[in-house]
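Asker: Kindly generate the corresponding structure for this input.
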Amino acid sequence: MEKTRFGNLVFIPGMGGGRYPFCNSLYIDDKKKAIIDPASDELFLRKLAGGKKVDIVINSHYHEDHIAFNYLFPEAELYVHEAIGTCFRSYSSFLDYCGLLDSKYRKEWDDLFLNKFHFEERTPAVEFGDGDLLIFGNTKLRVIHTPGHTAGHCSFHFPDQGILFMGDLDLSRFGPWYGDKVSDIDQTIQSMRRLLEIPADIYITSHETGIIQGDIIELVETYLNVITQREKKILEFLERPRTLLEIVERWIIFKRELQPRYFFEFAERGMIIKHLERLIRNGSVRTEDGKFYLISSVDKT
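Answerer: Here you go, the predicted structure:
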């Protein structure tokens, strides 16, 4: 992918094809200059920082692969959603929202977040809300609160350019991610449906493809169908009672064990728990004595 300019908006592709641990960024080159999710191309971001060409840093959410180079812009104002301002002010709150505050791998997580991703506590200058209009000169940005991936996750609509920055509702082949303590599958689905109602000609995602032009309805259906397929596999695996550990070690989400295990097991476990909670709510599964059971049609009668 290459840098692409749409008027005052510049798409900055992330290194490694925009895959974790990088993401795609969007630069607003206007009277007020802003960077959305500075974790893309370190060299380019350092040039922006060296030229003092960033007045505002906007984070779509608090994940490490979106805030990695925030620290390059210490004098810029930080804008985040009001639901997650605490994640930036407090490292403990950040860990708590992730679900890692009491992790037995705290040393490994601290090394990852503090050393490799340069997390620094920082007080946001602006905590925006859903529907807020941010003006940078000739460029206007409408905040679209799209929770589910995380609490406070946001997408950004540029109505005059017909551009929608979707953040981590990224339409990737992997499918939606909802592994944090504050993540939610149903909110993810609702947020994705909401984005389909936003008028846009160009869609920008945080990972992989990056720029998508034209209709995205089919891509959205394929993306959301991953959730259905994951639940189908969980139900198939529950042909007999299983513990949470047994289900996690089936690696239904990631399809195989990946390294470092502490990192991927956290995500696998978090997402499996979200599915089990959802299946319990809809009456497909029950839990007893530390095991999960299918609820048969006989049980329902």
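
Asker: ok, now which ones touch Leu43?
Answerer: With contacts defined as CB atoms under 8 Å, 6 or more residues apart in numbering, Leu43 is in contact with no residue. (Glycine included, C-beta is placed from N, CA and C.)

Asker: Any figure for the gap between it and Ile12?
Answerer: 11 Å (CB to CB, to the nearest Å).

Asker: Return the residues in contact with Glu64.
Answerer: Contacts for Glu64 were tallied using CB under 8 Å, 6+ apart; they are 21, 112-113, 117, 119.

Asker: Show the backbone phi and psi for it.
Answerer: Its backbone dihedrals place Glu64 at phi -60, psi -30, with angles given as degrees, to the nearest 10.

Asker: start the count at 624, not 1, going forward
Answerer: All set: I'll call the first residue 624, so the last point we hit is now Glu687.

Asker: how much space between the residue most central in space within the chain and Asp753?
Answerer: Among the residues of the chain, the smallest C-alpha distance to the mean C-alpha position (CA atoms, centre = their mean) belongs to Asp791, namely 3.9 Å. Between Asp791 and Asp753 the distance is 17 Å, computed by CB to CB.

Asker: Surely Ser778 touches Ile786?
Answerer: No: in this structure, Ser778 sits apart from Ile786 without contact. The criterion is CB atoms under 8 Å, and the distance is 10.8 Å.

Asker: ok, the closest residue to Ser713 other than its chain neighbours to Tyr714 distance?
Answerer: Taking CB to CB, 6 or more residues apart in numbering, and ignoring the residues beside it in sequence, Ser713 has Glu744 as its nearest neighbour in space, at 6.3 Å. Distance of Glu744 to Tyr714, given as CB to CB: 6 Å.

Asker: same question, Tyr643
Answerer: Applying CB to CB, one obtains 21 Å for the distance of Tyr643 from Tyr714.

Asker: repeat for Gly837
Answerer: In this view, Gly837 and Tyr714 are 41 Å apart by CB to CB.
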